[in-house]
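Asks: Kindly generate the corresponding structure for this input.
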Amino acid sequence: MRIKPFKAWRPPADLVSRVASLPYDVVDTHEARRLAEGNPSCFFHVSRAEIDLPDSTDVHSDMVYNKAAESFRHLQTSGSLKQDAEPALYIYRLIRNGQAQHGLVTVCHTGDYEDDVIRKHEKTRKVPEDDRTRHIAATNSHSGPVFLAYRDSAEVDRLVADTEKTSALYDFTASDGVQHTVWRVADPKAMVAAFQRIPLAYIADGHHRAAAAARVARERRAAKAGATGDEEFNWFLAVLFPAGQLRILPYNRCVKDLNGLTDEQFLAEVKKVFRVTESAEPSPTAPANVGMYFKGRWYGLSWNADPKADATARLDVSVLQDRLLAPVLGIDDPRKNPRVEFVGGIRGTGELEQRVKSGRAAVAFSMYPTTVDQLMAISDAGQTMPPKSTWFEPKLRDGLLIHTLD
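Replies: Numbers count the residues shown, from 1 in each chain. Below you'll find the predicted structure:
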């Protein structure tokens, strides 16, 4: 792993809770506008710049990216963001419901991404990758970090613990109850050396950010005579967490209609491919189990795992897709089919019930969460997970520590 310190743009301590925002991709325009209301320092003015334009604005229009660049400059000139005088590394601790995870904020080299030292488990989609590419290019920055995992290291743990004995730069609790604490690493050289002994990292969240960062770097190398690969635009913002501290929540599914089947026909098809238990608990408690909410009742769907199947095919989300969503409900490509919606586990099973009761969906499925070990095994095998297989909580904040490309 190649990492290095960087000169971060970051908020003053007294403004940090007003500047830092949820990631751009976990809220829609309406939610971002509501969360930023009355707060000109909120980073949503940069990450979701359409909130400051008319409702009719195309979110992928040039106006939005130009507005993002303008808003970023405003936060800098107004003092809501200030740049550190010297390059640094940072420790970022998040605590949710008593569970802590301790990450290193740094920049990683896009070459490690391209050479599979930083491994992937998802295919990116063109529209969101194009969006992040244009946003990075327009703002000349990486404002939302890529969430990376690595296999636990006692050496790194010791360095992190030593840093956390010092005074924190930030310590605030966001409106969702997550506590965010940041320290500056006193000895960056020791941390850089420790990560040179870590062979691999894995993208937990942020495939589109990473792909866009690599794409911008390629474009700028091509445009720069005598480019060496060491220029600042070759590095992208990331937070590296030990895998043992991470917890994945389920990523649930809702389907809008029954693909022309009657209620009775649909249930009959379900019973052909799964063992079905009526009046089941909403959330499955073990793998090879799915909860299904249909016609005001929870059903339990279970099956015998196939030991001969590969790591991807054994995933619960794969089994549900291959046995039911595709052949019965006609969800041929879950990346593109508009009849399926994905609901992060943080919203709970009550959200699934509400969507079915309201008529927004005909049926909903509550999943057992994918594990970090499964994610790493699939990445190591060079395979890809089905879309929306993992939901990591808590979410890292955008605008907390920002990397600029020059």
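Asks: From what I see, P386 and V319 are in contact.
Replies: No. The pair P386 / V319 is not scored as a contact, 10.0 Å apart, by C-beta atoms under 8 Å. (C-beta placed from N, C-alpha, C; glycine too.)
Asks: Comparing these two, which shows the higher neighbour count?
Replies: Legend: neighbour count by other C-beta atoms under 10 Å for P386 and V319, higher for V319 (22 against 19).
Asks: which SS state does the closest residue in space to L22 that isn't next to it in sequence fall under?
Replies: Nearest residue to L22 in three dimensions, chain neighbours excluded: K395, at 5.7 Å (C-beta to C-beta, 6 or more residues apart in numbering). Here K395 is coil, with the state taken from DSSP: H, G, I helix; E, B strand; the rest coil.
Asks: any residues touching stretch 351-365, and which ones?
Replies: Contact with stretch 351-365 is made by 252-258, 266, 282, 290-294, 296, 320, 329, 341, 343, 366, as judged by C-beta atoms under 8 Å, 6 or more residues apart in numbering.
Asks: So which of the residues you listed sit within strands?
Replies: N252, R253, C254, V255, V290, G291, M292, Y293, F294, E341, V343, S366 (DSSP state E).
Asks: Tell me the buried residues in stretch 138-158?
Replies: Buried residues in stretch 138-158, counted by 16 or more other C-beta atoms under 10 Å: 138-150, 156.
Asks: Farthest pair within those?
Replies: A138 and V156 (34.5 Å; C-beta to C-beta).
Asks: Buried subset of the contacts of stretch 351-365, written for PyMOL?
Replies: In PyMOL, this line selects whichever of the contacts of stretch 351-365 come out buried by 16+ other C-beta under 10 Å:
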select buried, resi 252+253+254+255+256+258+266+282+290+291+292+293+294+320+329+343+366
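Asks: For V16, give its distance to Q383.
Replies: Look at V16 and Q383: by C-beta to C-beta, to the nearest Å, they are 39 Å apart.
Asks: Between these two, point out the one with more neighbours.
Replies: Remark: of V16 and Q383, V16 carries more neighbours, 21 against 14, as counted by other C-beta under 10 Å.
Asks: which residues in the stretch 101-250 of the chain form helices?
Replies: 110-114, 126-139, 154-163, 188-196, 207-223 (DSSP state H, counting those that start in this stretch).
Asks: now those as CSV including mean pLDDT?
Replies: Shown next, in CSV, are the helices of the stretch 101-250 of the chain (pLDDT from 0 to 100):
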stretch, mean pLDDT
helix 110-114, 98
helix 126-139, 96
helix 154-163, 97
helix 188-196, 97
helix 207-223, 97
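Asks: To R96, which of the ones you listed lies closest?
Replies: helix 154-163 (18.0 Å).
Asks: can I get the CA coordinates of the closest one in PDB?
Replies: Only the C-alpha atoms of helix 154-163 are listed here, as PDB (Å, rounded to 0.1, in the frame of the first residue of the first chain):
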ATOM      1  CA  ALA A 154      -1.200  -5.000  15.300                       C
ATOM      2  CA  GLU A 155       1.500  -2.500  14.200                       C
ATOM      3  CA  VAL A 156      -1.100  -0.100  12.800                       C
ATOM      4  CA  ASP A 157      -3.400  -0.600  15.800                       C
ATOM      5  CA  ARG A 158      -0.600   0.500  18.100                       C
ATOM      6  CA  LEU A 159       0.200   3.600  16.100                       C
ATOM      7  CA  VAL A 160      -3.500   4.500  16.100                       C
ATOM      8  CA  ALA A 161      -3.800   4.000  19.800                       C
ATOM      9  CA  ASP A 162      -0.800   6.200  20.400                       C
ATOM     10  CA  THR A 163      -2.300   9.000  18.300                       C
END
